[in-house]
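In: Generate a structure from the sequence data that follows.
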Amino acid sequence: MSQSQLANAQVPAQITLPVVAGQVGRLSQALMAMVLGAFVIGMVGFSHIDVVHNAAHDVRHSNAFPCH
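Out: So this is what the prediction gives:
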């Protein structure tokens, strides 16, 4: 495209998605957040590797989240 064509090109101010697409997006984001949370709790929090477990433990305490 030439400079004049780029200058005259109209860009839509707002792109709207159908309501269904927005609901699917929110549902998939919520599902992925739950999966990530389950991974962090299940795999990192109960890890037998001391370094990984202690790192998760220290993060919980630094965020003022009681864990014991």
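In: What separation do you get for residue 41 and residue 34?
Out: Here residue 41 is placed at a distance of 11 Å from residue 34 (C-beta to C-beta, to the nearest Å). Bear in mind the C-beta positions are built from the backbone N, C-alpha and C, glycine included.
In: got the residue ranges for the helices in this structure?
Out: Taking DSSP state H to define them, one finds helices in the chain at 3-8, 19-39, 50-62.
In: any weak-confidence spans in this protein?
Out: Within the chain, the stretches with pLDDT under 70 are 1-12, 17-22, 67-68.
In: hmm, 90 instead?
Out: The model of the chain has pLDDT under 90 over residues 1-28, 37-68.
In: how about the helices of the chain in CSV, adding mean neighbour count?
Out: Output for these, formatted as CSV (neighbours: other C-beta atoms under 10 Å):
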stretch, mean neighbour count
helix 3-8, 8
helix 19-39, 10
helix 50-62, 12
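In: tell me, what residue is most central in this protein?
Out: Central residue check for the chain by C-alpha atoms, centre = their mean: the C-alpha nearest the mean position is that of residue 33, 6.3 Å away.
In: who's in contact with residue 55?
Out: Residues in contact with residue 55, defined by C-beta atoms under 8 Å, 6 or more residues apart in numbering, are residue 44.
In: Can we start the residue count at 7 from this point?
Out: Shifting the count to begin at 7 puts that one at residue 61.
In: how close does it sit to residue 21?
Out: 41 Å.
In: How about residue 40?
Out: Distance from residue 40 to residue 21, by C-beta to C-beta: 28 Å.
In: Check residue 57 too.
Out: Taking C-beta to C-beta, one finds residue 57 at 46 Å from residue 21.
In: Repeat that for residue 45.
Out: Distance from residue 45 to residue 21, counting by C-beta to C-beta: 33 Å.
In: Also residue 43?
Out: In this view, residue 43 and residue 21 are 31 Å apart by C-beta to C-beta.
In: Repeat that for residue 33.
Out: From residue 33 to residue 21 the distance is 20 Å (C-beta to C-beta).
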